[in-house]
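Peer 1: Following is a predicted model, sequence given first.
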Amino acid sequence: MEIKVLGTGCPKCKSLEKATRDFVEKNHLDATITKVEDIMEIMKYGVMATPALVVDGKVVMKGRLPSDEEIAKLILG
């Protein structure tokens, strides 16, 4: 599984990255997590509001900070 956290470095973006990493580690998931901060790369996903979460190439959430429960649903499907 490939997970990308899209965000330029704002507090919400950092919070999403931390919550995502914590969830993956806690649940022993085989996932690669990458933080994408380059605005041109973020725009390639059609994201105009950050933070955003991309799972296996699909944007699953953008423009807000999800709850821990929602992060679990977004990652696990």
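Peer 2: Received the coordinates, thanks.

Peer 1: going forward, measure contacts and count neighbours with C-alpha atoms only.
Peer 2: Noted.

Peer 1: Pull the contacting residues for Glu41.
Peer 2: Listed by Cα atoms under 8 Å, 6 or more residues apart in numbering, the contact set of Glu41 is empty.

Peer 1: where do the helices sit along the protein?
Peer 2: Here the chain has its helices, by DSSP state H, at 11-26, 39-43, 68-76.

Peer 1: And the last one, how far out from the chain middle?
Peer 2: Read that as helix 68-76. The chain centroid and the centroid of helix 68-76 are separated by 10 Å under Cα atoms, centre = their mean, to the nearest Å.

Peer 1: one step back: could you redo the helices of the chain as a markdown table and give each row distance to Ile33 and mean pLDDT?
Peer 2: Listed next are the helices of the chain as a markdown table, based on distance: least, Cα to Cα, whole Å; pLDDT from 0 to 100:
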| stretch | distance to Ile33 | mean pLDDT |
| --- | --- | --- |
| helix 11-26 | 7 | 97 |
| helix 39-43 | 15 | 95 |
| helix 68-76 | 11 | 95 |
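
Peer 1: Pro51: which of the ones you listed is closest?
Peer 2: With Cα to Cα, the closest approach to Pro51 among those belongs to helix 11-26: 4.9 Å.

Peer 1: Now that closest one: buried residues?
Peer 2: 12-14, 16-17, 19-21, 23-24 (16 or more other Cα atoms under 10 Å).

Peer 1: Tabulate the residues you listed (JSON lines), appending distance to Leu74.
Peer 2: Below are these laid out as JSON lines (distance: Cα to Cα, whole Å):
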{"residue": "Lys12", "distance to Leu74": "17"}
{"residue": "Cys13", "distance to Leu74": "16"}
{"residue": "Lys14", "distance to Leu74": "18"}
{"residue": "Leu16", "distance to Leu74": "12"}
{"residue": "Glu17", "distance to Leu74": "14"}
{"residue": "Ala19", "distance to Leu74": "12"}
{"residue": "Thr20", "distance to Leu74": "10"}
{"residue": "Arg21", "distance to Leu74": "13"}
{"residue": "Phe23", "distance to Leu74": "11"}
{"residue": "Val24", "distance to Leu74": "12"}
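
Peer 1: No further queries at this time; thank you.
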